[in-house]
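[1] need the 3D shape of this:
(chains A and B)
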Amino acid sequence: MNTAEIIISATLRMSVPIVLGSTAASFSTKAGVVSFGCEGMMATGAFCGALAVYYSNNLLLGVLCAVLGGALISLLHAFLHVSNKVNGTLSGVSVNMLGTAASALVLKIVWKTAGFSPEYRSFVKLSDGGLAKIPWIGPILADQNILFFVAIGIVLVSWVILFKTPFGLRLRMVGENPVAANTVGIHTSAMKYAGVIICGAICGLAGAYLSLARMNRFVLDMTGGRGYVSMVIADLGGANPLIAGAASLLFGFFDCLQSIFQSVDTPSQFWMIMPYMFALCVALVNNKFAHGPAGMGKHFDD
Amino acid sequence: MRALNKFKISVLSLFAALVIVAIVIWISGYSPFDIYARIFKGAFGSKMSIALIFSEATPLMFSGLAFAIAFKARIINVGVESQMIMGALVGAIAGAYIHGLPHMAHVTLTLLLAGMSGMLIGFFICFLKVRFHAQEVVICIMMNSILLYVGSYLANGPLKAVGAGVAQTETILETAKLTKLIPKSQLTTGFLIGAAIAIALAFILERTVLGYKIRVAGNNRIAGETYGIQATKLYYITFMLSGFIAAIGGSVLTQGVIMRFSDGAVSGYGFRGISVAALAMYNPLGVIFSSTLFGILNAGSQAVNRTTTIPYEFVDVIQVMVVVFISAPQIIQAVEKFFGDRLKKALPKRPAAAKPDQELPRA
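    Residues are numbered from 1 along each chain as shown, chains lettered A, B, ... in the order given. Next up is the predicted model:
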């Protein structure tokens, strides 16, 4: 592969968690729930996936457990914010803190180590198949693993669900105006629960990508703020998975710069700051062309 | 009555968190009673361990206060972490490179400079929020990451101590170190400074116009604006105050415990402050006690961890569960009602207590 192909391939690899995360955040945002808990859901997913693969040596089971783990912890977010009307940011913070604290605790109990797990089986690149023979994009696709293609599928399906199905319409209506949605007979709390749980499940998958594909072990704080970045990116794309997915590529580019330029004679921290700087700048220009739903954080009986 | 109710919820929340974590400990094959007893013994075992309680509580108190004061105006300052890192960094620089000052002056100047730097971060976050209408939560989180790496860069590069093997700055001068309250321990006057700030904050909130405005803006922003309270101005003031306190906390950590800025040494206190503030029901005076309580947990679990292999990470889980229960008091109330009803049914009916005599008019 030449340099351009290496950069494109690394960009795609780095952006998969953000693509999934921003798709997840879109569901939550469209349902009018702050998607601040994505970080904790990702961390939980990464940990559950790692635990399952370590014990079963079965990657599919690992991914399933990651999805379940993410969905389970997202229930806490939904329970606090939707059922108990806790401020969405505060309940998101609790989910994030619980994700980190609980993984650290179980990590210590199970593996008796602090901060990282032993190595286990992980997803491999698809270089064996016939993919590499496709002209132009072949080598780049062959450099990815199966979760990359799953992620693309999920983005497309999510877009269809959100914008082309009655469920999506109702979800968006709940997000825009919960009072009106309640008036026409939509169970707003159930819809918000659905949005948050789907968000948690996809975040869990994003976590599984981190712990099962990007690395072959679980490291504490391996999400490294990707959940927060996903939230910013989802806002940037107006909670549309297609636009957000495209925007994630930009983030992936800034993330891959760090691994490429680490050998160059500049401080490595400079490159590590880049993704966050990018996200900060995105957050600043966001309000110019993207608006969240009008009913963000509102309940039907407020 | 309302204060009493809040106190009850706060105590019950802590109890519920302890019970949940006890169940987790029990499932993972340890005895929860044994562990809690060891923590208690470890925390109160010796004079040094009691000193450790308060020195562990000190940074938690500062971050708890910073979060609590912001929350009074319904601002969720998740950027406490960044402000603490900034404070610790500026404290380390001012402590190591300002020469020729007497002890008191150097300590005060260092603390103030650090506080100002935190205020600056707070101002910057507010400015971005007000000017660009961005979500402050996002800005805060990104500032946390950015400052973490800026600190890491400075400790690794330009400010790295001569001959140091790891990433850390020069040790601060003797004149900049906080006075130790108990010799050879890490307990310094930092704890007293924190308590003084807590009392000052309580006074500001309850007895001054500014505090009144903060509370009004927090409880009902629209009513406040109708009344003539400038929400934006108040937002700036509260956020900068919060940043000031957080940064002093960072500097106290530098001047009292670490004695230098080292890579990653200050991280993690920002989010724990949320638990501290929540357990205190966002009351500054309560923060003194809630941070001491978490100090007991931390000091005790450190002692336990020295002698056994029991994971001390469950202390963090306790702290998170406290936030969950405090922020949704409905859960606690429902549980209380459930057990209260059962208890009433189970107990035989007692004769109604005789009413206490009415207060006699004084002669």
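[2] rest of the way, CA atoms for contacts and neighbours
    Will do.
[3] tell me how far A:Q144 lies from A:I6.
    11 Å (Cα to Cα, to the nearest Å).
[4] averaged pLDDT, the host helix or strand of B:R272. What do you get?
    Using DSSP states H and E, B:R272 sits within helix B:269-279. On average, the pLDDT along helix B:269-279 is 90.
[5] touching that helix from outside, list them.
    Outside helix B:269-279, the residues within contact range by Cα atoms under 8 Å, 6 or more residues apart in numbering or on different chains are A:97, B:10, B:13-14, B:59-68, B:78-82, B:84, B:283-284, B:287, B:290-291, B:294, B:319-320, B:322-323, B:326-327.
[6] do stretch B:218-238 as well
    Stretch B:218-238 is contacted from outside by B:69-75, B:122-123, B:126, B:130, B:213-214, B:216-217, using Cα under 8 Å, 6+ apart.
[7] weed out the non-buried ones from the residues you listed.
    Buried members of these, counted by 16 or more other Cα atoms under 10 Å in any protein chain shown: B:69-75, B:122-123, B:126, B:213-214, B:216-217.
[8] report all helices and strands that the longest helix that chain A contains contacts.
    Counting residues, the longest helix found in chain A (DSSP state H) is helix A:3-30. Packing partners of helix A:3-30 (3 or more Cα pairs under 8 Å, 6 or more residues apart in numbering or on different chains; DSSP states H and E): helix A:38-56, helix A:138-142, helix A:146-164, helix A:166-176, helix A:188-208, helix A:226-236, helix A:241-261.
[9] give me phi/psi at B:Q168?
    When quoted as degrees, to the nearest 10, the phi and psi of B:Q168 stand at phi -150, psi 160.
[10] what is the neighbour count of it?
    By the other Cα atoms under 10 Å in any protein chain shown criterion, the neighbourhood of B:Q168 contains 24 residues.
[11] ok, the residue lying closest to it once chain neighbours are set aside - contacts?
    Distance criterion Cα to Cα, 6 or more residues apart in numbering or on different chains; nearest residue to B:Q168, sequence neighbours excluded, is B:S262 at 4.1 Å. By Cα under 8 Å, 6+ apart, B:S262 lies in contact with B:S152, B:A155, B:A167, B:Q168, B:T169.
[12] residues touching the second one, list them.
    Counting by Cα under 8 Å, 6+ apart, B:A155 makes contact with B:A167, B:Q168, B:T169, B:F261, B:S262, B:D263.
[13] which of the residues in the longest helix of chain A are buried?
    By neighbour count with 16+ other Cα under 10 Å, helix A:3-30 contains the buried residues A:6-30.
[14] what strand or helix carries B:I50?
    When elements are assigned from DSSP H and E, B:I50 belongs to helix B:47-72.
[15] distance check, the spatially most central residue of chain B against B:S117.
    The centre of chain B sits closest to B:G64, judged by Cα atoms, centre = their mean, with a distance of 2.3 Å. Going from B:G64 to B:S117 by Cα to Cα gives 19 Å.
[16] count of residues packed around the residue in the stretch 101-250 of chain A positioned nearest to chain B?
    Nearest residue of the stretch 101-250 of chain A to chain B (Cα to the nearest Cα) works out as A:L105 at 5.0 Å. The number of residues packed near A:L105 is 22, by other Cα under 10 Å.
[17] ok, A:G49 next?
    A:G49 sits with 33 neighbouring residues when counted by other Cα under 10 Å.
[18] same check, this time on A:R226
    By the measure other Cα under 10 Å, the count of residues near A:R226 is 24.
[19] returning to what we had before: wait, what's in contact with the residue nearest to the centre of chain B?
    By Cα under 8 Å, 6+ apart, the contact list for B:G64 reads B:R272, B:G273, B:I274, B:S275, B:V276, B:A277, B:V287, B:S291.
[20] farthest-separated two in the residues you listed?
    B:R272 and B:V287 (12.3 Å; Cα to Cα).
[21] strands along the stretch 51-200 of chain B, start to end?
    Taking DSSP state E, counting those that start in this stretch, the stretch 51-200 of chain B contains no strands at all.
[22] residue numbers of it in contact with chain A?
    B:76, B:128, B:132-135, B:137-139, B:141-142, B:145-146, B:149-150, B:152-153, B:157 (Cα under 8 Å from any Cα of the partner chain).
[23] flag the shaky bits of the stretch 1-150 of chain A, pLDDT-wise.
    For the stretch 1-150 of chain A, the stretches flagged by pLDDT under 70 are A:1, A:128-131.
[24] near chain B, which residues of it show up?
    Residues of the stretch 1-150 of chain A that fall close to chain B, judged by Cα under 8 Å from any Cα: A:80, A:84-86, A:89-91, A:94, A:97-98, A:101-102, A:104-105, A:108-109.
[25] and if we set it to 6 Å?
    Residues of the stretch 1-150 of chain A that fall close to chain B, judged by Cα under 6 Å from any Cα of the partner chain: A:N84, A:L98, A:A101, A:L105.
[26] most neighbours, which of these?
    Going by other Cα under 10 Å, A:L98 tops the residues of the stretch 1-150 of chain A next to chain B with 26 neighbours.
[27] quick one, what contacts that one?
    By Cα atoms under 6 Å, 6 or more residues apart in numbering or on different chains, the contact set of A:L98 is B:V320.
[28] what's the angle between the helix or strand hosting it and helix A:226-236?
    Taking DSSP H and E as the definition, A:L98 sits inside helix A:88-111. Angle, helix A:88-111 to helix A:226-236, by axes from the mean of the first three to the mean of the last three Cα atoms, to 10 degrees: 150 degrees.
[29] with adjacent residues omitted, what lies nearest to A:S230?
    Excluding the flanking residues, the one nearest A:S230 by Cα to Cα, 6+ apart is A:S22, at 4.4 Å.
[30] how close does that neighbour sit to B:P284?
    Distance of A:S22 to B:P284, computed by Cα to Cα: 38 Å.
[31] then A:P166?
    Per Cα to Cα, A:P166 is found 49 Å from B:P284.
[32] thank you kindly, that will do.
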